[in-house]
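*Asks:* okay, predicted coordinates and the sequence, questions at the end:
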Amino acid sequence: MSSRVESVGSPVQTRSAGENTAAQLLLSSYDWERDRETIALGDAIQRFRDVNGYVGLPIPAKPHFLKLFRKLINGSRAPEHIYLVHDASHVLTGTTFTHDEPQLVLLAGEAAEQGLYFASRGVPKAVGWALFYGGAFVECARRIASFRQVGRGIRLGIFNRAYDYARRTRLTNLFEIPVEELRSVPVAEARRRLGMPEGGVAAGMYREITLPEDIAAALRAQWRRFGVER
């Protein structure tokens, strides 16, 4: 499939088969990074949305108390701005995914992005963890996510590792990404201006995470169903 083609020098290309790291098994196989030196941030955000079938703002939260989770996480901002900044954060940090991959890739990407997000805002880790996974378990109850996969994400400690990484590296505040100012700037340059590493945060952070053998084996089997050998 064309979306699986990997470019020379991309984070996916440089991984060695058989490793049980999150970089090997939890990074998206879609080639997000090929054009990062030239593609504008606004275009990269649109690519992320197009690949994942984004057609507009999500359906209003139900049950009603989900709105409280979203307000506590995102503040009192217009929904359009909330999702623009959120998607820009995924693109810039490299916590990207598609829905044509194992569900744990998506859940890990969201957990990592939220860990980075809460840490960069200075929110206490326990508060951020409770808000993120509280919302995740509600999504499980609504049958949007899998309890089993969310449990695996908790077991891997993705949120906590991302949080610690952001605090250690003094990551720029992801709540305040100046998307409009950077919309026409190439992704690589936007990262440099925000003090992020080349290729995003996730590629390096994921190399520090080793997966238990049972989760690694399950992920490899799931990847094969999508025609990808890891």
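*Replies:* Yep, it's here. Numbers count the residues shown, from 1 in each chain.
*Asks:* quick check: next helix or strand after the helix or strand of the chain with the lowest mean pLDDT?
*Replies:* None of the helices or strands of the chain scores lower by mean pLDDT, DSSP states H and E than helix 66-74, at a mean of 63. For helix 66-74, the following helix or strand on the C-terminal side (DSSP states H and E) is helix 79-93.
*Asks:* can I get that next one in CSV, CA atoms only?
*Replies:* These are the backbone C-alpha positions of helix 79-93, laid out as CSV (Å, rounded to 0.1, in the frame of the first residue of the first chain):
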residue,chain,number,x,y,z
PRO,A,79,-14.2,23.9,20.0
GLU,A,80,-12.6,24.7,16.6
HIS,A,81,-9.5,26.1,18.3
ILE,A,82,-9.3,23.1,20.8
TYR,A,83,-9.2,20.6,18.0
LEU,A,84,-6.8,22.6,15.8
VAL,A,85,-4.3,22.9,18.6
HIS,A,86,-4.8,19.3,19.5
ASP,A,87,-4.1,18.1,16.0
ALA,A,88,-1.2,20.4,15.6
SER,A,89,0.3,18.9,18.8
HIS,A,90,0.0,15.4,17.3
VAL,A,91,1.8,16.5,14.1
LEU,A,92,4.5,18.4,15.9
THR,A,93,5.2,15.9,18.6
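*Asks:* packing partners of that helix?
*Replies:* helix 41-51, helix 66-74, helix 103-121, helix 179-182, helix 187-193 (3 or more Cβ pairs under 8 Å, 6 or more residues apart in numbering; DSSP states H and E). For every residue, glycine as well, the C-beta is placed using N, CA and C.
*Asks:* can you do 10 Å?
*Replies:* Packing partners of helix 79-93 (3 or more Cβ pairs under 10 Å, 6 or more residues apart in numbering; DSSP states H and E): helix 41-51, helix 66-74, helix 103-121, helix 179-182, helix 187-193, helix 201-207.
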